[in-house]
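Give me the fold of what follows.
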Amino acid sequence: MTRVAVVGAGVTGLAAAWHLNRAGAETVVFDSVDWVGGRVGSAEFAGRQVDTGPDALGPDPAIDELLDGIGLAGQVEIPDPPQAFRLTAAGELEPFGVGGGAMFGLAGGIFSLPAHLERSLRDAGVGFRLGSAVESVTERDDVVSVRVDGSEDVFSAAVVATGAGAAAKLIGGASAEQLARIKGISVTLVHLAFPEGRIGREMNGTGYLADPAEGRLVTGCSWSSAKWRRLSGDPAILRASIREDGRGEVIDLPDEEIVAKVMDELRPVMELEGEPIGTMITRYPEALVVRDENHESAVSAARASLAASPRIGLAGADFDGPGISRSIAGVRKTVDSIIEGTRND
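Residues are numbered from 1 along each chain as shown. From the prediction side, this is the model:
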């Protein structure tokens with residue numbers, strides 16, 4: 001039987017394991033931490049459980065298939081109203097597309113997705129080695145060697161479902177040199193709780209986006225308690241997003257300084273009175289990648305280097321994103337290539 005290692009227990013890695021299992025492969029999922037989900041997580045805030053990573057999914061047949069397969073299709077939630085806004089250079093909010101007609105959430109939060117996936121995979125017999133640090137993934141004599149915590153395990157193939165930087169360190173060689181060219185973006189998420197009576201701006205949509213080229217620090221603000229039914233109530237919850245090239249500077253500031261900077265921008269836009277009664281900051285250093293021509297050529301070149309032998313595949317938002325849905329769509333292609341390449345094993 002084909003035996004495949006999946007390195008990375010984020011949503012993309014779990015989706016890869018799901019497709020591999022359905023294709024009949026014996027599958028083992030590795031991750032250096034002892035939980036699944038990667039950056040898709042949750043925390044209690046203002047008496048509710050909020051997403052501390054992505055809070056929405058985009059439309060794609062691949063995500064529809066996955067949700068249906070693990071019993072979450074009935075949990076899809078569309079924001080109401082679905083209207084999104086854009087912050088103009090003059091500081092006004094104007095309608096901007098449809099914020100929820102395309103994007104959607106899950107009644108239990110996006111953080112419920114990896115939990116359901118893990119349960120489904122364990123029930124199907126997929127193996128998990130969480131808390132196991134993979135040191136390298138290399139091909140040798142028609143097998144793939146996975147070194148874990150100083151020892152070796154041998155597989156027919158492997159899916160590396162990590163960020164580009166981590167993947168480069170694991171696989172080495174010409175592919176790693178290409179992946180090292182990809183630039184990162186750091187993300188800081190700031191949750192704020194405000195009594196509803198102290199927010200002067202009606203939250204009649206999903207939130208707003210802002211152009212950092214106009215000197216804005218906050219690139220977006222989700223009106224979380226208006227956007228998702230499970231988060232409704234008083235106090236209201238806002239979630240501000242900050243993106244910075246590379247490691248950035250704001251991400252390393254103390255919490256109170258970050259909150260002060262965010263409030264300077266949110267106060268006039270949302271007509272806020274006073275200070276928030278609750279705050280929570282989540283930091284993701286270089287969690288995203290700069291999607292430009294360099295990124296596209298680097299990913300293509302890295303995959304071309306691996307294509308001589310389809311036993312090692314790359315999967316994840318850094319390669320096929322942005323977003324969970326596009327990543328999962330890319331997973332199917334990677335898994336199909338691996339299964340085809342090992343068919344005669």
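
domain ranges for this structure?
3-39+111-180+292-341, 56-108+184-289 (automatic domain parsing).

List the contacts of Pro285.
Listed by Cβ atoms under 8 Å, 6 or more residues apart in numbering, the contact partners of Pro285 are Gly184, Ser186, Arg247, Gly248, Ile251. The C-beta positions use only the backbone N, C-alpha and C, and glycine is treated the same way.

outside of the helix ranked longest in the chain, which residues touch it?
The single longest helix within the chain, with elements called by DSSP state H, is helix 324-341. Here helix 324-341 makes contact (Cβ under 8 Å, 6+ apart) with 2, 4, 11-12, 15-16, 19-20, 23, 25, 40, 54, 57-63, 66, 110, 113, 157, 159, 161, 309-311, 313-317, 319-321.

Helices - which of the residues you listed land there?
Those of those lying in helices (DSSP H): 11-12, 15-16, 19-20, 61-63, 66, 113, 317, 319-320.

show me where the stretch 151-300 of the chain has helices.
With DSSP state H, counting those that start in this stretch, the ranges of helices along the stretch 151-300 of the chain come out as 164-171, 173-179, 224-227, 255-270, 293-307.

Can I get the ones you listed in JSON lines including distance to Gly278 and mean pLDDT?
Shown next, in JSON lines, are the helices of the stretch 151-300 of the chain (distance: least, Cβ to Cβ, whole Å; pLDDT from 0 to 100):
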{"stretch": "helix 164-171", "distance to Gly278": "33", "mean pLDDT": "95"}
{"stretch": "helix 173-179", "distance to Gly278": "39", "mean pLDDT": "93"}
{"stretch": "helix 224-227", "distance to Gly278": "12", "mean pLDDT": "96"}
{"stretch": "helix 255-270", "distance to Gly278": "11", "mean pLDDT": "98"}
{"stretch": "helix 293-307", "distance to Gly278": "37", "mean pLDDT": "92"}
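
Out of those, flag the one nearest Arg198.
Comparison of these against Arg198 by Cβ to Cβ identifies helix 255-270 as nearest, at 9.7 Å.

list the helices and strands that closest one packs on?
strand 184-194, strand 218-222, strand 236-245, strand 278-289 (3 or more Cβ pairs under 8 Å, 6 or more residues apart in numbering; DSSP states H and E).

Do you know the pLDDT at Arg343?
According to the prediction, Arg343 has pLDDT 67.

Quick check: Ala16 vs Gly10, distance?
Computed as Cβ to Cβ, to the nearest Å, the Ala16 to Gly10 distance reads 10 Å.

likewise Arg147?
For Arg147, the distance to Gly10 - Cβ to Cβ - is 21 Å.

Comparing the domains of the chain, which comes out most buried?
Across the domains of the chain, averaging neighbours per residue (mean count of other Cβ atoms under 10 Å) puts domain 3-39+111-180+292-341 on top, at a mean of 20.

Show me how far it is from its chain's centre.
15 Å (Cα atoms, centre = their mean, to the nearest Å).

Surely Gly248 and Ser186 touch.
Yes: using Cβ atoms under 8 Å, Gly248 makes contact with Ser186 at a distance of 4.1 Å.

And the next helix or strand past the worst-scoring helix or strand of the chain on mean pLDDT?
The helix or strand of the chain with the poorest confidence is strand 93-98; it has a mean of 81 (mean pLDDT, DSSP states H and E). Counting by DSSP states H and E, the element after strand 93-98 in chain order, helix or strand, is strand 105-106.

Show me what that following strand is packed up against.
Using 3+ Cβ pairs under 8 Å, 6+ apart, strand 105-106 is in contact with strand 76-77.

Which other helices and strands does the strand it packs on contact?
strand 105-106.

which residues are in contact with the strand it packs on?
55-57, 72, 75-79, 112-113, 227-228.

Could you single out the nearest of these to Ala260?
Once Cβ to Cβ is applied, the member of the contacts of strand 105-106 that ends up nearest Ala260 is Asp55, at 23.9 Å.

residues near the closest residue to the closest one other than its chain neighbours, how many?
Spatial nearest neighbour of Asp55, excluding adjacent residues (Cβ to Cβ, 6 or more residues apart in numbering): Ile110 at 5.7 Å. Counted by other Cβ atoms under 10 Å, the residues lying close to Ile110 total 23.

which residues do Ala16 and Gly10 both contact?
Contacts common to Ala16 and Gly10, judged by Cβ under 8 Å, 6+ apart, are Ala161.

Adjacent strands (with direction) for the host helix or strand of Thr27?
Thr27 belongs to strand 26-31 when assigned by DSSP H and E. According to DSSP bridges, strand 26-31 has the following sheet partners: strand 3-7 (parallel), strand 127-130 (parallel).

closest to Ala302 out of the ones you listed?
That would be strand 3-7 among the strands paired with strand 26-31, by Cβ to Cβ, at 15.3 Å.

quick one: contacts of that closest one?
13-14, 16-17, 20, 25-31, 134, 137, 144, 146, 153, 155-162, 170, 338, 342.
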